[in-house]
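Prediction below, plus the sequence it came from.
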Amino acid sequence: MRYKELTLLFFFLIFFLILSLSIGEIFLDFKDIKNIILGEGEFVKENIFWNLRLPRTLLAFLVGGNLAVAGSILQSYFHNPLAEPHIIGISAGSAFGATIYFIFSGGTWEIDPLITPWVSLLGALIVLFILILWSRKSLYNSSLILLGVSLNAFLSSLISFLLFKNQKIFQGVYFWILGGFNGKGWQHLKILFIYSLISIPWAFLWRKKFNLLSLTEEEAYSLGLSIRKYQKYFLILISLLIAPSVSVSGIIGFVGLIAPHIMRLWKTSDFQWLIPSSFLFGGILLLFSDILARILLSPTEIPIGIITSFLGVPFFIFLLRKEK
Amino acid sequence: MIKLEKIKAGYNSKIVINNINWESPNTGLVGILGPNGAGKTTLLRLLVRYIEPWEGEIYINGKEIKRYRQEDLAKNIAFLSQKVSFNLSFNVEEYVSLGRYPHHPYWKNLSKRDWEKINEILIVTETINFKSKKLFQLSGGELQRVHLARVLVQEPKILLLDEPTNNLDPYYQIYFLNFIKNLSKNILIISSFHDVNLAGLFCDYILFLKNGAIVDYGKKEDILNSSILEEVYNLKFKEIKTKEGKFFLPIR
């Protein structure tokens, strides 16, 4: 285990956590934060800190970590460095599931802690299932990305159609899908935290399986990993990493692409390193994006999905060129 | 060691292996020879349970293969496949350590004993000098030794090789096969070959496959001659006797 590098990432994380807690319409400096934690802060600042900044900051970190870990596993599973929750349509599948739920729940777009993640999970699973059937049948790696992009486009237009038919929930759901942490509170954090408590340790425990998964299938079997047997569990794990994040914060693309790749380039594609480092770095990346989302057009907030796409698309093109 | 009983197998609906019965020796180097599409690779894939037979039974050490856990099978049988992934940013040592997977609880880090074994194999395969290099930085000959190291840290009792000398220059072909030959004193090695003469130089036994069936099997000295090669490859061969052994040249 590369403890030195992980410690370094951890310090970066602390730095961005503090930055994220401070920056906003009302700036909180060190002294403010110290006072608030000691229970001696001003009422307004205290309120902002506990009810807005802190849950939002932790949520951004957790979503980033989940999506980055999901991306690293997807890239190994599909043997494709461009695989990422958003690009190959899994996020759109989750969002589609949640949209259907919002429509049936009678016009509210507030997330239901029990049901929303489950309908999201179902949507993610269906998309993953189609992708896997496809990747079994086709010989070309790049066709997976093409299928994913098509599924993404198809599901996005389905969502748009459903929203168009249900004007009542249009605005709320639309902004939720664009992705962001504005107005997200403890309730959202609690949901995601509970799912992450299962999925992140699970991903770490299986780190060696993902290493074998990144080899050819024959090699994986010969080293003792029966992909037939584990397929369904991989599906469930990947969905568990993606769907709860989507249902609390909408579609946030490219974190799952950028974070694991930079960690891979920095050190190695060994999942022993990749799982913990992608988790930390994905969190840092999304904290950074969320800070940008808050300050670039302050006092207006930019949906964070726009920021991550802005960072991610050049990276995607860079990888695409490298592949050739 | 390995016993195949009335094996039929293939992909989707296409039959590739058709009614094979065979029993392997306990140790030694067995060469599989046959034209493209004869079923060489499929036979090896059956033995690591990458594919399952449609009919028949495979026994490994007297136990049906389907009753093994995949990890336990991997403790017995290692496989160096033809299609190996190398475009990974693993370094050599990390890549080789993957071979310890079946020997160790997957959720734990490798133990001291595992690392000792890995180190020992890195020395034996002469890969220790570049153990921190990334796979994509290696030459073909270095890479093949790294792959070999990975299957050897598995400590297999049976080693399967699928055309291991492809893409190697003559020096490394001989180096590699000498190494394998030495190993085969203690374990069973089954390797497919395209090069009849390399197989003739190194193998103890030869298994001729054609159209998914066994044409002949036996000790190299007893069965390797130009008439069986003609039958298997549909091609005339000229036999040349030298003091190093028999060589075969294909003739137009």
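Now that the structure is in, tell me what you want to look at.

Sketch out the low-pLDDT regions of the stretch 1-150 of chain A for me.
A:106-109, A:138-142 (pLDDT under 70).

Could you report the neighbour count for the residue of it found nearest chain B?
The stretch 1-150 of chain A approaches chain B most closely through residue A:1 (7.0 Å), counting by Cβ to the nearest Cβ. Heads up, the C-betas are built off the backbone N, CA and C, glycines and all. When neighbours are defined as other Cβ atoms under 10 Å in any protein chain shown, residue A:1 has 10 of them.

ok, now which ones touch the residue nearest to it when sequence neighbours are not counted?
Among residues not flanking residue A:1 along the chain, residue A:272 sits closest, at 6.4 Å (Cβ to Cβ, 6 or more residues apart in numbering or on different chains). Listed by Cβ atoms under 8 Å, 6 or more residues apart in numbering or on different chains, the contact set of residue A:272 reads A:1, A:207-208, A:211, B:109.

Pipe the residues you listed into a markdown table and attach distance to residue A:82 per row.
Shown next, in a markdown table, are the contacts of residue A:272 (distance: Cβ to Cβ, whole Å):
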| residue | distance to residue A:82 |
| --- | --- |
| A:1 | 28 |
| A:207 | 22 |
| A:208 | 24 |
| A:211 | 20 |
| B:109 | 30 |
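
Just the buried residues of the residues you listed.
Buried by 16 or more other Cβ atoms under 10 Å in any protein chain shown: A:207-208, A:211, out of the contacts of residue A:272.

Now render these as JSON lines, adding pLDDT, secondary structure and distance to chain B.
Listed next are the buried ones among the contacts of residue A:272 as JSON lines, based on pLDDT from 0 to 100; DSSP: H, G, I helix; E, B strand; the rest coil; distance: Cβ to the nearest Cβ, whole Å:
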{"residue": "A:207", "pLDDT": "96", "secondary structure": "helix", "distance to chain B": "8"}
{"residue": "A:208", "pLDDT": "95", "secondary structure": "helix", "distance to chain B": "5"}
{"residue": "A:211", "pLDDT": "95", "secondary structure": "helix", "distance to chain B": "6"}
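
isn't the residue of the stretch 1-150 of chain A closest to chain B right next to residue B:109, touching?
Yes. Residue A:1 is within contact range of residue B:109, at 7.0 Å (criterion: Cβ atoms under 8 Å).

returning to that earlier point: the contacts of residue A:272: which two are farthest apart?
Maximum pairwise distance among the contacts of residue A:272 (Cβ to Cβ): 14.0 Å, between A:1 and A:211.

Secondary structure class of the closest residue to residue B:64 other than its chain neighbours, three-state.
Nearest non-adjacent residue to residue B:64, counting by Cβ to Cβ, 6+ apart: residue B:57, 5.9 Å away. Secondary structure state of residue B:57, per DSSP: H, G, I helix; E, B strand; the rest coil, is strand.

Tell me which residue lies nearest the centroid of chain A.
The residue lying closest to the centre of chain A (Cα atoms, centre = their mean) is residue A:67, at 2.8 Å.

What residues does that residue make contact with?
Residues near residue A:67 by Cβ under 8 Å, 6+ apart: A:85, A:241-242, A:245, A:252, A:255-256, A:259, A:282, A:286.
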